[in-house]
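# just need the structure, nothing else, for what follows:
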Amino acid sequence: MAGGARFPRCARLTGQQAFARVFARPVKSSDRCFTVLAHPNALVHPRLGLAVSRKVSKSAVMRNRIKRIIRESFRHHQDSLRGLDCVVLARAAAAQQDNAVLAAALQRHWRRLVSTCAPS
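Okay, the predicted model is just below:
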């Protein structure tokens, strides 16, 4: 794996407090497949949290596919997301879409959040 393509522990949003900070005052971006919440952090790297529940799909295989796509998209866009904590909430419609549609939707969310959260 290339050096910039890994997903190390420091890039993960872990712990209840970290998620609570994002949920407390989020910048939101939503569509029919995902709701992405973001909040600035004091770090030089972005962090990602995932919420893909059984309401999205009863199949663990399908939920894991969605999570893999989210992580892969995050890895490719992490340079532009520096200083943000992001939580991606999947919706049931995501389970019906193919990988390319989900990746395109996430790319739109990342762009929208970067432009919204950019320092003034």
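# tell me where the protein has helices.
Counting by DSSP state H, one finds helices in the chain at the ranges 16-24, 60-77, 99-117.
# closest to A92 out of those?
For A92, the closest of those is helix 60-77, at 10.5 Å, according to C-beta to C-beta. The C-beta positions use only the backbone N, C-alpha and C, and glycine is treated the same way.
# ok, and what's touching the closest one?
4-7, 11, 34, 46, 48, 50, 52-54, 56-57, 81, 86, 88, 90, 94-95, 99, 102-103, 106-107, 110 (C-beta atoms under 8 Å, 6 or more residues apart in numbering).
# just the buried residues out of these, in PyMOL syntax.
Here is the PyMOL command that selects the buried residues among these (16 or more other C-beta atoms under 10 Å):
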select buried, resi 11+34+46+48+50+52+56+57+81+86+88+90+94+95+102+106+110
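# which of the helices of the chain sits closest to A38?
For these, proximity to A38 was assessed by C-beta to C-beta; helix 99-117 is nearest, at 4.5 Å.
# taking their axis directions, that closest one and helix 60-77 sit at what angle?
With axes from the mean of the first three to the mean of the last three C-alpha atoms, to 10 degrees defining the directions, helix 99-117 sits at 50 degrees from helix 60-77.
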